[in-house]
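J.: I need the structure of the sequence given here:
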Amino acid sequence: MGVRRREFLAAGAAMAAMPLRAWSEAMEKANEVPWLAEVQTPPAKLPADAPKLAPLLADEAGRRIESLDG
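T.: Okay, here's the model as predicted:
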């Protein structure tokens with residue numbers, strides 16, 4: 001006799017949870033990196049010689065795109 005429906009669904013659920021478990025473990029390890037918070041926190045004040053960055057979303061005329069319609 002073949003695999004019963006309940007066994008099949010249980011095995012499928014266990015396999016589907018594996019990537020989530022791996023992601024969760026990776027996130028826990030990321031929290032252990034001592035310098036991670038420092039590089040993810042913006043400085044309180046930018047240095048005077050910090051370069052001005054152009055907007056990432058701009059139309060052909062160089063205007064900022066600030067909506068989905070844009």
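
J.: Tell me how many other residues crowd residue 35.
T.: Using other Cβ atoms under 10 Å, residue 35 has 7 other residues around it. Heads up, the C-betas are built off the backbone N, CA and C, glycines and all.

J.: tell me the mean pLDDT for the helix or strand that contains residue 25?
T.: Element membership for residue 25 (DSSP states H and E) is helix 5-30. Here helix 5-30 scores 75 as its mean pLDDT.

J.: Ok, stretch 62-70 next?
T.: Mean predicted lDDT for stretch 62-70 stands at 85.

J.: just the CA coordinates of that stretch, formatted as CSV?
T.: What follows is stretch 62-70, C-alpha atoms only, in CSV (Å, rounded to 0.1, in the frame of the first residue of the first chain):
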residue,chain,number,x,y,z
GLY,A,62,16.1,64.7,-13.3
ARG,A,63,13.0,65.4,-11.1
ARG,A,64,12.5,63.1,-8.1
ILE,A,65,9.9,60.3,-8.5
GLU,A,66,7.8,60.4,-5.3
SER,A,67,4.7,58.4,-6.3
LEU,A,68,3.7,55.2,-8.0
ASP,A,69,2.3,57.3,-10.9
GLY,A,70,5.7,58.9,-11.4
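
J.: Can you give the distance from it to the centre of its chain?
T.: From the chain centre to the centre of stretch 62-70 is a distance of 24 Å (Cα atoms, centre = their mean, to the nearest Å).

J.: ditto for stretch 16-35
T.: Averaged C-alpha coordinates place stretch 16-35 at 12 Å from its chain's average position (Cα atoms, centre = their mean).

J.: what does stretch 61-70 give?
T.: Relative to its chain's centre, stretch 61-70 lies at 24 Å (Cα atoms, centre = their mean).

J.: How about stretch 49-58?
T.: Stretch 49-58 sits 23 Å away from the centroid of its parent chain (Cα atoms, centre = their mean).

J.: ok so, going back, after the helix holding residue 25 comes which helix or strand?
T.: Heading C-terminal from helix 5-30, the first helix or strand you meet, by DSSP H and E, is helix 36-40.
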